[in-house]
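[1] this is a predicted model, with the sequence first.
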Amino acid sequence: MTVNQNFRKLQSSYLFATIGKKVREYQAANPGADIIRLGIGDVTRPLPAASIAAMHAAVDDMSRAETFVGYPTDYGLHFLEDAIQADYALRGVRIELDEIFLSDGAKSDTGNIGDIFGADNIVAVCDPIYPVYVDTNVMGGRAGELLPDGRWNRFVYLTCGEETEFAPALPDSRADLVYLCSPNNPTGTAMNRTQLQTWVDWANEQGSILLYDGAYEAFITEDLPRSIYEIPGARTCAIEFRSFSKTAGFTGVRAAYTVVPQELRADGAQVNALWSRRQATKFNGVSYITQKGAEATFTPAGRAQVRETIAYYLHNAGTIRRGLEAAGFRVWGGVNSPYIWLKAPHGLSSWAFFELLLHEFQIVGTPGAGFGPAGEGYFRLTGFGTAERTAEAVDRIRRRYGEL
Ligand code: MLT
């Protein structure tokens, strides 16, 4: 009897689970502590009213034999894919229905996509980056061994630093699968058309595949691409992941989608066919009720409600950004993203700053080092809290910044 040896290489706990545990321990030791949680990117606003109404109606559908739905795919239903297709069309992007794969989350899909690629591929990840890309490739046997500097010896690292406003530069060595996330988790910065075109041209030239995580596209406020497919050439080199989680408050409902263009080929195979085979075997689709809720986010009322929610979170992000800047912090993100990335003061390490904020200010954030070695010395806060608590958190920090 053996286990997948790759799991032994991982840290025993996932980043956000470690943080959750630390916060629970602190709360247990300090029951009266008034903790403000700006750590994990979990939403706080309720679902759009249009989604709630659609989901209630869908529950009623399930109560009658004539409108009952079992496996959604077996019923030939693709109303949500239709709505997604129409949404892409609004940006001038043509996506076929059989290129859209519904799922329960961008986390699942960015994690599972490795199933269809060989273990000998070279993976490139930004540093810092969402830990799921790294951990799932460790599980899949593509990481090699962990080096003393906290990096894996088979990965290509795209270090994203202040000099480039945290945008990744092209690798100077082979990279078969490249994870890109824009707007970026954790740094909150978004890539522009020129930057994305550079990546697409490079990937087509190299025969590499871009795994483009667009989970935060709804937060883009400036004139920037919302989809990799707005970039000419992307259909032959990119897979795009999107989610209703941060867009429409579905973190507790679960709905997302991944687009795999028909033209995308790897190792002589059609990638769309591989992903279709993988999903048909391991996944039974998104519940009918959930799909109805997600579809409603594309109606005029749903769109307006989503815009309102996004504006609410962006307002919070602005509150944090401006407040911390005024207090003397160096801050990035928070404009096209719910995330604010800041430099820990006085050369503190990410985890030292985490402990200080928790113990002295009762504020929870995410240590930058949890997103990779290049995140050391940085820290992430989110705009996903309530407006009142966000303002209170900024106030706590500003009032006592001198004590830091
Ligand atoms: C985060 O805080 O980075 C996100 O909540 C992670 C996720 O969406 O899985």
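    Arrived safely.
[2] use CA for all of it now, contacts and neighbours both
    Will do.
[3] what helix or strand does F16 sit in?
    helix 15-29 (DSSP states H and E).
[4] scratch that, Y313
    Going by DSSP H and E, Y313 is in helix 300-327.
[5] which helices and strands does the helix or strand just after that helix pack with?
    Next helix or strand after helix 300-327 toward the C-terminus (DSSP H and E): strand 331-333. When contacts are defined as 3 or more CA pairs under 8 Å, 6 or more residues apart in numbering; DSSP states H and E, strand 331-333 sits against helix 300-327, strand 339-343.
[6] most neighbours per residue, which of these?
    strand 339-343 (a mean of 25; mean count of other CA atoms under 10 Å).
[7] distance of I40 from I397?
    19 Å (CA to CA, to the nearest Å).
[8] helix, strand or coil for the most centrally placed residue in the chain?
    By CA atoms, centre = their mean, the chain has its centre lying nearest to A215, at 4.7 Å. For A215, the assignment made with DSSP: H, G, I helix; E, B strand; the rest coil gives coil.
[9] just confirm it contacts A248, I think it does.
    No: contact status for A215 versus A248: not in contact, 11.0 Å apart, counting by CA atoms under 8 Å.
[10] contact partners for D127?
    Applying CA atoms under 8 Å, 6 or more residues apart in numbering to D127 gives the contacts Y157, L158, T159, C160, F371, G372, P373, A374, G375.
[11] which SSE is A124 in?
    Per DSSP H and E: A124 is located in strand 123-127.
[12] run me through the strand neighbours of that strand, direction for each.
    With DSSP bridges as the test, strand 123-127 is paired with strand 156-159 (parallel), strand 177-181 (parallel).
[13] need the contact partners of the longest one.
    Outside of strand 177-181, the residues within contact range by CA under 8 Å, 6+ apart are 121-126, 133, 208-214.
[14] turn those into CSV, including neighbour count, distance to the ligand and pLDDT.
    Listed next are the contacts of strand 177-181 as CSV, based on neighbours: other CA atoms under 10 Å; distance: CA to the nearest ligand atom, whole Å; pLDDT from 0 to 100:
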residue, neighbour count, distance to the ligand, pLDDT
N121, 18, 24, 98
I122, 18, 24, 98
V123, 23, 20, 98
A124, 24, 19, 98
V125, 24, 15, 98
C126, 25, 14, 98
Y133, 23, 11, 97
S208, 24, 25, 98
I209, 24, 22, 98
L210, 26, 19, 98
L211, 20, 16, 98
Y212, 21, 15, 98
D213, 26, 11, 98
G214, 22, 11, 98
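[15] near G92, how many other residues are there?
    11 (other CA atoms under 10 Å).
[16] who touches it in this structure?
    E230.
[17] rerun at 6 Å
    For G92, the contact set (CA atoms under 6 Å, 6 or more residues apart in numbering) is empty.
[18] from I231, how far off is it?
    For G92, the distance to I231 - CA to CA - is 11 Å.
[19] can you report how many residues neighbour R174?
    Around R174 there are 13 residues (other CA under 10 Å).
[20] next one: the residue nearest to it when sequence neighbours are not counted from Q270, what distance?
    Spatial nearest neighbour of R174, excluding adjacent residues (CA to CA, 6 or more residues apart in numbering): I122 at 7.1 Å. In this view, I122 and Q270 are 19 Å apart by CA to CA.
[21] what pLDDT does the closest residue to the ligand within the stretch 101-250 of the chain get?
    The ligand sits closest to K107 of the stretch 101-250 of the chain, with a gap of 5.5 Å, by CA to the nearest ligand atom. pLDDT for K107: 97.
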